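Asker: Any chance you can model this:
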Amino acid sequence: ARPIDREPTHLIAPCDAHLSVYRLRHDRLLPVKGAPYTLTELLQNPALAKQFEDGICLVFRLAVDDYHRYCFPDSGRCDPPVHIPGVFHTVQPVATDRYPVYHRNTREYTVLHTDHFGEVIQMEVGALMVGRICNHRNILAFARGDEKGYFEFGGSTVILIFRKGAVTPDSEFFRNTAKRLETVVRQGEWIGTAPDRP
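Answerer: As a prediction, this is how the structure comes out:
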């Protein structure tokens, strides 16, 4: 049902989703499931975030009717996954709209050492109190299109983070994101290209 683009230099969508694309400049805020994050806040790892400064961030928002399984965007090997528990707290009094409710979603990321895009961070974001990230464990190496895991109903965002110059997404995604529009993509289809390498 979801053919995988096998062209080595093509970046594929890891899931069915609504895609937004951002350039990572000046630790900008990234909208993820209704909460704004900087890259450092998203990863909870300042040293790792520093390595991806000025890179590209792709945010895939899964809607209720999207297929909730996701795959690897390229072949390669991976580090063990890092789990970040969700946080939820309020500012009193909660009865009035003048005081915000702050939350951070449960998430899990893996650093992928890919064959064509260098180091890539693939992150799954679960809902705050519903849904669950179910990544397959004990994966050391993977092929493009191999299933990485799935969301139990309620989890609904996949994020790919690339270093500067590692990928060129289709310009349509930047244009649409600038207009606050998401682009519908399907798992396995071409969404960007690796630069020519010697």
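
Asker: Give me the contact list for the lengthiest helix in the chain.
Answerer: Across the chain, the longest stretch assigned as helix under DSSP state H is helix 171-178. The contact list for helix 171-178 (CB atoms under 8 Å, 6 or more residues apart in numbering) reads 19-22, 58, 182-183, 191. C-beta: built from backbone N, CA, C; applies to glycine.

Asker: Let me know the next secondary structure element after it.
Answerer: strand 183-185 (DSSP states H and E).

Asker: For T40, list the residues it contacts.
Answerer: By CB under 8 Å, 6+ apart, the contact list for T40 reads 27, 46, 49.

Asker: which among the residues you listed end up buried?
Answerer: Buried subset of the contacts of T40 (neighbour count, 16 or more other CB atoms under 10 Å): A49.

Asker: quick one on the thing from earlier: check the contacts of helix 171-178 and tell me the two furthest apart.
Answerer: Spanning the widest gap among these are Y22 and I191, at 14.0 Å by CB to CB.

Asker: tell me the centre residue of this protein?
Answerer: Ranked by distance to the mean C-alpha position of the chain (CA atoms, centre = their mean), the top residue is I159 at 0.4 Å.

Asker: could you check the distance from P46 over to F52?
Answerer: Using CB to CB, to the nearest Å, one gets 11 Å for the distance from P46 to F52.

Asker: Any regions of this structure where pLDDT drops low?
Answerer: 87-104, 127-131, 153-155, 197-198 (pLDDT under 70).

Asker: so what strands line up beside whichever strand or helix holds C134?
Answerer: Assigned by DSSP H and E, C134 belongs to strand 132-135. Take DSSP bridges as the rule and strand 132-135 pairs in its sheet with strand 147-152 (antiparallel).

Asker: Run the angle between the following helix or strand past the partner strand and strand 147-152 for me.
Answerer: Sequence-wise, the next helix or strand downstream of strand 147-152 (DSSP H and E) is strand 157-162. Orientation check (axes from the mean of the first three to the mean of the last three CA atoms, to 10 degrees): strand 157-162 against strand 147-152 gives 150 degrees.

Asker: hang on, the earlier thing: name the nearest of the contacts of helix 171-178 relative to L140.
Answerer: L140 lies nearest to L58 out of the contacts of helix 171-178, by CB to CB, at 24.5 Å.

Asker: Please name the spatially closest residue to the closest one (chain neighbours excluded).
Answerer: If the residues on either side of it in the chain are set aside, L58 comes closest to L160, at 4.4 Å by CB to CB, 6 or more residues apart in numbering.

Asker: bridging residues for G149?
Answerer: Counting by DSSP bridges, the residues bridging with G149 are Y70, N135.

Asker: my bad, should have said L30
Answerer: For L30, the beta-bridge partners are Y37 (DSSP bridges).

Asker: Contact partners for it?
Answerer: 22, 36-39, 42, 57, 59.

Asker: Could you list the buried residues of stretch 70-88?
Answerer: 70-76, 78, 81-82, 84.
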